[in-house]
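**Q** sequence and predicted structure, then a few things I'm wondering about:
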Amino acid sequence: MTIQDEVLNCGTGPAALLRALPRDFVWGVSTSSYQIEGASQVDGRGPSIWDEYCKVPGHIDNGDTGDVACDHYHRYGEDIALMHQLGIQAYRFSVAWPRVLPTGLGPPNEAGLAFYDRLIDGLLAAGIQPWLCLYHWDLPQALQERGGWLNRDIRGWFGDYAALVARRYGDRVRHFATFNEPSVFTLFGYGFAWHPPGQTDAAALCRAIHHVNLAHGAGVDAIRTAAPSSVIGAIHNVQPSRPVDATPGDAAAARLLDAYWNRAFPEPQLLGTYPTALAPLMESAMQSGDLDRIRRPVDWFGLNHYSPIYARADSKAPLGFAWADAPPNVRRSPIGWQVDPAAFRDVLLDVHRRYRLPIYVTENGAGANEKPNEAGEVIDLERISYLRIYGGALREAVSAGADVRGYFVWSLLDNFEWGAGYENRFGLVYVDFATQRRIPKASAHWYARMIHAEAMEAAR
Ligand code: GCO
């Protein structure tokens with residue numbers, strides 16, 4: 001199939017599937033503060049744990065940092081204009097806690113708050129719904145120095161931060177999320193030492209999990225009070241956890257990874273219990289009444305999904321299992337992640353059955369290490385193909401009854417991809433980091449056409 005075919009064929013499959021989606025289905029894109037904003041020392045922003053972590057040689061490929069990133073702090077107007085041209089309907093971003101509260105608590109930083117005013121007002125003027133996430137991993141360093149997620153006081157710190165943000169923006173923002181992928185930043189930060197604060201300790205991990213859950217509950221209450229008409233959710237990554245080999249040991253490892261990765265947050269937040277495998281480990285952090293503090297009513301389930309994950313038994317590992325690569329011979333994206341759209345369909349149906357909340361897919365997309373061709377275009381056929389088949393899986397899930405109301409591509413822009421630095425690109429829009437020039441890739445045009453085709457269909 002040629003690029004023209006790929007782009008012109010909007011990739012929605014049979015007409016019956018095209019009609020599967022609800023009329024007011026939302027098509028968006030997602031980003032996060034540390035990954036795109038840059039301006040790390042501008043207008044009073046305080047340091048975050050990621051600023052500190054990036055300074056340590058060996059932590060990030062190529063010694064990259066988020067100091068400049070996509071310079072979105074200064075170029076947000078151009079980025080909004082791009083979204084507008086593409087017909088993007090909703091934009092999920094995160095607020096950098098240390099930009100609005102440089103030490104995590106105490107007096108707010110007016111210049112930082114004003115940046116998100118400009119961003120939100122610009123989005124609304126362009127007809128794009130702002131979806132605001134409070135925490136996408138950039139904890140103020142000053143709070144880390146007070147113990148960070150291991151200090152139970154963080155429940156109050158986060159609640160105060162949530163109240164500040166909801167009071168300030170709740171007149172213009174309806175959709176709020178508390179946390180993005182809590183299982184990733186806790187497991188990678190306290191279990192595998194791949195993210196800050198770089199620990200490997202099961203007891204610390206469970207403490208951090210419990211405190212994040214308590215902070216979520218406090219955040220929901222604070223947003224609800226400050227902005228009563230808001231629509232509140234949390235964003236979880238849910239990905240089938242599979243044994244790398246068909247052995248009982250690997251099966252047990254996959255069950256444990258499943259508990260940490262897929263259940264440690266949505267189950268207490270939505271069902272009021274911890275998964276059995278983790279409950280004993282939570283006891284030392286638990287106080288009476290905590291599960292009620294965590295299980296606060298929310299309005300939607302944010303689902304991030306890319307591919308299945310794999311585990312292998314490892315009795316010497318701090319958590320009793322090891323993270324494993326997908327087996328050879330599976331289909332993979334250009335950066336090696338497994339491509340398995342049936343897993344996405346099954347996860348959507350499973351999340352629907354378990355939690356009975358409207359689902360918004362808040363991240364899905366494909367990474368590559370692409371470069372512009374001689375004509376200056378980025379023809380990212382593999383991303384288009386990924387988005388097409390995952391879109392097909394989404395439609396199948398909706399046809400089978402899953403209540404899915406929106407879909408956000410990760411990501412609008414190529415950006416700082418954590419430990420991989422700028423090497424792995426997930427954007428619909430290419431960023432030349434030397435010049436900050438943006439080039440919409442073929443996938444951006446494909447996505448724009450698909451949104452347009454859907455809007456025509458919905459209007460029929
Ligand atoms: C997240 C994600 C993003 C990543 C994306 C690609 O947790 O929301 O980690 O921040 O950039 O998932 O890896």
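**A** Right, received. Where do you want to start?
**Q** next one: the host helix or strand of residue 83 to chain centre, how far?
**A** Assigned by DSSP states H and E, residue 83 belongs to helix 72-86. Centre-to-centre, helix 72-86 and its host chain are 20 Å apart (CA atoms, centre = their mean, to the nearest Å).
**Q** outside of that helix, which residues touch it?
**A** Contacting residues not belonging to helix 72-86 are listed as 29, 31, 36-39, 42, 70, 91, 115, 118-119, 122-123, 126-128, 412-413, 428-429, 436, 438, 440, 444-445, 447-448, 451 [CB atoms under 8 Å, 6 or more residues apart in numbering]. All C-beta spots, glycine's among them, are computed from the backbone N, C-alpha and C.
**Q** cool, stretch 212-228 as well?
**A** Applying CB under 8 Å, 6+ apart, the set of residues contacting stretch 212-228 is 134, 149, 152, 154-163, 165-167, 169-171, 173, 176, 178-179, 182, 186, 230, 232, 234, 265, 268-269, 290, 293-298.
**Q** go on, stretch 107-122?
**A** Taking CB under 8 Å, 6+ apart as the rule, stretch 107-122 contacts 43-46, 73, 76-77, 80, 93, 95-96, 99-102, 130, 132, 164, 168-169, 172-173.
**Q** which ones are touching the residue in the stretch 151-300 of the chain positioned nearest to the ligand?
**A** Proximity of the stretch 151-300 of the chain to the ligand (CB to the nearest ligand atom) peaks at residue 181, 3.8 Å away. Residues near residue 181 by CB under 8 Å, 6+ apart: 235, 236, 237, 304.
**Q** if I look at it, how far off is residue 238?
**A** When distances are taken as CB to CB, to the nearest Å, residue 181 and residue 238 turn out to be 10 Å apart.
**Q** anything in contact with each of the two?
**A** residue 304.
**Q** give the closest residue to residue 396 in space, chain neighbours not counted.
**A** Closest residue in space to residue 396, ignoring its immediate chain neighbours: residue 345 at 4.9 Å, by CB to CB, 6 or more residues apart in numbering.
**Q** ignore the last one, residue 218
**A** Nearest one to residue 218, counting by CB to CB, 6+ apart, is residue 159 at 3.4 Å.
**Q** ditto for residue 171
**A** Leaving aside its sequence neighbours, residue 171 sits nearest to residue 227 (CB to CB, 6+ apart; 7.7 Å).
**Q** ok, back up a step: show me which of the contacts of residue 181 neighbour the ligand.
**A** Near the ligand, judged by CB under 6 Å from any ligand atom, the entries from the contacts of residue 181 are residue 304.
**Q** for residue 26, what are phi and psi?
**A** Residue 26 has phi and psi values of phi -100, psi 130 when expressed as degrees, to the nearest 10.
**Q** show the contacting residues for it.
**A** Residue 26 neighbours (CB under 8 Å, 6+ apart): 89, 90, 129, 360, 405, 406, 407.
**Q** select from these every entry located in strands.
**A** Those of those mapping onto strands are 90, 129, 360, 405, 406, 407, per DSSP state E.
**Q** farthest-separated two in these?
**A** Farthest apart among the ones in strands among the contacts of residue 26 by CB to CB are 129 and 407. That separation is 13.4 Å.
**Q** and the two? Which one has more around it.
**A** Neighbour count, other CB atoms under 10 Å: between residue 129 and residue 407, residue 407 has more, with 24 against 17.
**Q** so what's the more buried one closest to, chain neighbours aside?
**A** Using CB to CB, 6+ apart, the nearest residue to residue 407 is residue 361, at 4.5 Å.
**Q** beta partners of that neighbour?
**A** Beta-bridge pairing of residue 361 under DSSP bridges involves residue 303, residue 407.
**Q** just the pLDDT at it, thanks.
**A** For residue 361, the model assigns a pLDDT of 98.
**Q** for residue 346, same thing?
**A** 98.
**Q** and stretch 380-387, C-alpha only, in PDB?
**A** Coordinates of each C-alpha in stretch 380-387 appear next as PDB, following Å, rounded to 0.1, in the frame of the first residue of the first chain:
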ATOM      1  CA  ASP A 380       5.600   7.300   9.300                       C
ATOM      2  CA  LEU A 381       3.700   4.400   7.800                       C
ATOM      3  CA  GLU A 382       4.300   2.200  10.700                       C
ATOM      4  CA  ARG A 383       2.700   4.600  13.100                       C
ATOM      5  CA  ILE A 384      -0.300   5.000  10.700                       C
ATOM      6  CA  SER A 385      -0.600   1.200  10.600                       C
ATOM      7  CA  TYR A 386      -0.500   0.900  14.400                       C
ATOM      8  CA  LEU A 387      -3.100   3.600  14.800                       C
END
